[in-house]
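show me the folded form of this:
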Amino acid sequence: MGRWRPPQKPGAKYITPEGWKKLDEELDLLWRVRRPDVTRHLSAAAAEGDRSENAEYIYRKKELGEIDRRVRFLRKRLEQVTVVDRLPDDKQRVFFGAWVTVEDDKGVEHRYRIVGPDEIDLSNGLISLDSPLARAMLKKTVDDEFAVNLPSGKAVYCITEVAYQTVQK
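Residues are numbered from 1 along each chain as shown. Model prediction:
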């Protein structure tokens, strides 16, 4: 079996202002703090002599490559994404950035926020716009029922609340 995989469809290019700020802060931390620190340690390790058997040098060189790779990705991604910083005209419907409370068929409520793929955090209820659950919720209103195919099987939900945070500029 080969390693080739078909190219994946690119994710949504939307991001919340909070998500953009978080990515920008990560880029700043990597570029202004972490990279100079790793470079300083790499230079010190290189000065010790034989680099082929110097574990510190090999480790720092690999770490620097990982930082540079992440910096390139973040710079490119921040240029590509569109910050959604305004509320939709119809605040009763589910759109990007909405906090949605749903009730499953067992009566258990779950609260999710629809965000961009760069902001996913399931422990805080942040789900991607590209996820099957979010796609099934889009444009629905309170009391609408919808079904979604999840890895665990088909699930039916009812929307109990749709809310948007006030966007701060």
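
mind listing the strands for this protein?
For the chain, strands defined by DSSP state E occupy the ranges 14-15, 82-83, 99-104, 109-115, 126-128, 145-150, 153-163.

and the third one, what other elements does it pack with?
In terms of contacts (3 or more Cβ pairs under 8 Å, 6 or more residues apart in numbering; DSSP states H and E), strand 99-104 is packed against strand 109-115, strand 153-163. C-beta coordinates here come from the backbone N, C-alpha and C atoms, glycine included.

with mean neighbour count added, can I get those in TSV?
Listed next are the helices and strands packed on strand 99-104 as TSV, based on neighbours: other Cβ atoms under 10 Å:
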stretch	mean neighbour count
strand 109-115	19
strand 153-163	15
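
what's the closest of the ones you listed to Thr101?
strand 153-163 (3.9 Å; Cβ to Cβ).

next one, pLDDT for the spatially most distant residue from the centre of the chain please.
Relative to the C-alpha centroid of the chain, counting by Cα atoms, centre = their mean, Gly49 is the outermost residue, at 41.9 Å. pLDDT for Gly49: 80.

repeat for the one 10 residues further on
You'll see Tyr59 listed with a pLDDT of 94.

how near is it to Ala46?
12 Å (Cβ to Cβ, to the nearest Å).

now the top helix by length along the chain: how far from the chain's centre is it?
The longest helix of the chain (DSSP state H) is helix 55-80. The chain centroid and the centroid of helix 55-80 are separated by 18 Å under Cα atoms, centre = their mean, to the nearest Å.

perfect, I'm done here.
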